[in-house]
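Chemist: structure for the following, please:
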Amino acid sequence: MQFTLGIALSPLDQLPELAKTAEECGFSNIALPDSLFYMESQSEKYPYTPDGSRFWTPDTPWVDPLIGATAMASVTERIRFYTNVLKLGSRNPLLLARQVGSVAAMSGNRFGFGVGIGWAPEEFEWCGVPYARRGARVDEMIEVIKLVLGGGMVEFHGEFYDFDKLQMSPAPSAPVPFYIGGHTGPALRRAAKVGDGWCSAMMKYDDIVSTIAELARLRTEYGRAEDPFEIQVVCIDKFGRSGYEELAQAGVTDSIVVPWVFDGLGFDADLAAKQDSLRKFAEQYIDKPIGA
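Modeler: Reported below is the predicted structural model:
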């Protein structure tokens with residue numbers, strides 16, 4: 001099992017140095033979250049906290065994940081980056097295809113595209129996209145983006161998106177992996193059918209285990225049981241060597257962690273203290289690999 005550094009809610013000026021330190025420590029990836037804006041009043045509950053409230057404030061810093069990945073890739077050589085997850089539903093797929101292709105090219109193919117639908121009606125409506133039928137629209141968006149990233153002159157004529165022959169260059173020199181987020185039945189089906197992996201929000205171990213089993217069943221149903229497939233999770237109740245061993249045995253390929261939180265530090269903690277937490281975590285779990 002590999003470890004990904006979660007950089008959510010960190011000050012933006014810390015990100016390049018955190019990326020360099022994470023690479024030096026042997027982290028495999030950096031996960032970049034996504035939030036378009038903070039609406040003063042939310043019409044729907046946030047789906048990943050018990051009471052539906054948001055755990056960030058209007059002043060919490062967020063970097064556009066595609067820009068953040070490019071900036072961190074420019075100061076590193078090996079570590080990979082993926083969005084966890086970008087809210088696809090409120091965006092335009094052709095513009096996204098251009099951006100994702102650019103990140104892939106500028107990073108030397110060190111980018112994975114984690115996508116979800118998005119939970120807030122305001123993010124759709126205020127960006128000019130209907131909230132209704134968002135799932136079907138996202139399915140078509142994924143088709144469009146994969147088609148364009150495949151290179152060459154392509155056209156698409158669907159229910160929501162329609163364009164004649166066009167080409168975006170350069171196309172990525174290697175396929176960009178698509179990771180599908182979400183905990184609902186339709187999200188899991190989408191991951192099993194078209195994803196190169198599945199990524200969770202905050203989940204308990206028992207829920208992760210049952211979700212992995214359901215994904216395996218669905219991938220068999222779609223004839224994809226033998227295809228490579230990543231399981232990227234944020235587990236909230238299994239920690240330490242024994243906890244990570246259990247996650248690996250359950251089929252988790254990638255545990256997303258925020259080491260400074262384990263040391264009692266806040267998201268806005270001093271950069272040097274966060275770097276110390278990264279080195280301490282690496283000594284405990286990366287230098288002595290899980291399962292060794």
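Chemist: how close does the residue sitting nearest the centre point of the chain sit to Q2?
Modeler: Closest residue to the average C-alpha location of the chain: N84 at 1.8 Å, with C-alpha atoms, centre = their mean. Counting by C-beta to C-beta, to the nearest Å, the gap from N84 to Q2 is 14 Å. (Each C-beta comes from the backbone N, C-alpha and C, glycine too.)
Chemist: ditto for L247
Modeler: L247 is 11 Å from Q2, by C-beta to C-beta.
Chemist: cool, and G185?
Modeler: Counting by C-beta to C-beta, the gap from G185 to Q2 is 28 Å.
Chemist: for these two, indicate the residue with more neighbours.
Modeler: Set G185 next to Q2 and count neighbours by other C-beta atoms under 10 Å: Q2 wins out with 18 against 10.
Chemist: got a list of what the more buried one touches?
Modeler: Residues in contact with Q2 (C-beta atoms under 8 Å, 6 or more residues apart in numbering) are S28, N29, T253, D254, S255.
Chemist: want to throw those residues into JSON lines with secondary structure?
Modeler: Formatted as JSON lines, the contacts of Q2 follow (DSSP: H, G, I helix; E, B strand; the rest coil):
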{"residue": "S28", "secondary structure": "coil"}
{"residue": "N29", "secondary structure": "strand"}
{"residue": "T253", "secondary structure": "coil"}
{"residue": "D254", "secondary structure": "strand"}
{"residue": "S255", "secondary structure": "strand"}
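Chemist: among those, which one sits closest to S53?
Modeler: S255 (25.6 Å; C-beta to C-beta).
Chemist: for the closest one, which residues are in contact?
Modeler: S255 neighbours (C-beta under 8 Å, 6+ apart): M1, Q2, F3, T4, V233, C235, Y244, L247.
Chemist: drop anything exposed from the residues you listed.
Modeler: M1, Q2, F3, T4, V233, C235, Y244, L247 (16 or more other C-beta atoms under 10 Å).
Chemist: make CSV from those and add secondary structure to it.
Modeler: Listed next are the buried ones among the contacts of S255 as CSV, based on three-state DSSP:
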residue, secondary structure
M1, coil
Q2, strand
F3, strand
T4, strand
V233, strand
C235, strand
Y244, helix
L247, helix
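Chemist: got those residues as CSV, with pLDDT and distance to A213 columns?
Modeler: CSV is the format used below for the buried ones among the contacts of S255 (pLDDT from 0 to 100; distance: C-beta to C-beta, whole Å):
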residue, pLDDT, distance to A213
M1, 94, 18
Q2, 96, 21
F3, 98, 23
T4, 98, 22
V233, 98, 14
C235, 97, 16
Y244, 97, 20
L247, 98, 14
